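After the sequence you'll find the predicted model.
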Amino acid sequence: MEIVGRGFLAGHLAGISDHHPDVVALAAGVSAAGDIPPEQYTRESARLYETLRYCEKHGKRLVFFSTASAGMYSVPDALPGREDGPVYPATPYGRHKLSLEAVVKSSDVEYLILRLSHVVGFHQPPHQLLPALVRQLTGGRIQVHRGAQRDLIDVEDVVKIVHTLLVDGRTRDVVNVASGHAPRIEDVVAHMEQLLGTDAEKTYVQASGAQPVSIDKLCRLVPTVYGLGFGPDYYRDVLDKYVHAYVQQLV
């Protein structure tokens, strides 16, 4: 596998880089849904166009990482978001990812589009969700978006899923890669405080609820996900594994 990018996800995909010689994984680009300068979206688009041309020239299969966040599945209280259903992206980030998906689908390249939920793991950038929450909690003050929900998934589980889909030869398809359960951010913060032994001062901002993410297709294509522990308490296991590592990053 050829990996385009040197960031968090690219680093973890390196563990399967000796496999899948026909694959190019595009693991570079915008990695947060906040206030992103337009030039970052422009750079990611240009990188995709360049990678598609490379894949077409060399007969490679492209793995493109999109999003299953609330930026893509943005209708609260709706049915779980499916890969073959309509989506109504609510943010520039979600709209950008959906437009890049359309570019990939219209190309002549064999592809696999993976819509990732909130990936968690070692060496995660400080601006992403959990490292940012740890920084606030250890600082004694945190702003909580009441009503927000986040589907957390261990990056090591993501890599296992990617590997299985590629071994099976999956192509010209879109797959949600998520745990299927999105705890309230208040519950995430409460468990993190328990782990850290902190009781931060909280201010609250009201947020809209999240549209669930369907993993029916993922479970059908990768039955081994049933052994990964996905369920209502999966996020606690993820937090138990990584929260103290983020504290070490702050040192």
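Cool, got the structure.

can you tell me the helix or strand for the closest residue to residue 107 other than its chain neighbours?
Nearest non-adjacent residue to residue 107, counting by Cβ to Cβ, 6 or more residues apart in numbering: residue 52, 5.1 Å away. In this view, the C-beta of every residue, glycine as well, is placed from N, C-alpha and C. Using DSSP states H and E, residue 52 sits within helix 38-58.

Taking helix 38-58 as reference, get the angle to whichever helix or strand comes after that helix.
Per DSSP H and E, the first helix or strand lying C-terminal to helix 38-58 is strand 61-67. Angle of strand 61-67 versus helix 38-58, following axes from the mean of the first three to the mean of the last three Cα atoms, to 10 degrees, is 160 degrees.

Residues touching strand 61-67, excluding its own?
Contacts to strand 61-67, defined as Cβ atoms under 8 Å, 6 or more residues apart in numbering, come from residues 9, 22-27, 33, 48, 51-52, 55, 72, 93-94, 97-98, 100-101, 104, 109-116, 162, 166, 171, 174.

Of these, keep whichever come out buried.
Neighbour counting by 16 or more other Cβ atoms under 10 Å classes 9, 23-27, 33, 48, 51-52, 55, 72, 93-94, 97-98, 100-101, 104, 109-116, 162, 166, 174 among the contacts of strand 61-67 as buried.

so of the residues you listed, which ones are in strands?
23, 24, 25, 26, 111, 112, 113, 114, 115, 116, 174 (DSSP state E).

okay but the third one is in contact with residue 3, surely?
Yes: Residue 25 sits in contact with residue 3 when judged by Cβ atoms under 8 Å, with a separation of 5.0 Å.

which neighbours do those two share?
With Cβ under 8 Å, 6+ apart, residue 25 and residue 3 have common neighbours 10, 13.

picking that back up, for the helix holding residue 52, what is the average pLDDT?
The pLDDT scores in helix 38-58 average 95.

Can you say which helix or strand has residue 12 in it?
helix 8-13.

counting contacts, what elements does that helix pack onto?
strand 2-4, helix 155-167 (3 or more Cβ pairs under 8 Å, 6 or more residues apart in numbering; DSSP states H and E).

Give me the distance between the two termini of stretch 98-114.
End-to-end distance for stretch 98-114: 12 Å, by Cα to Cα, to the nearest Å.
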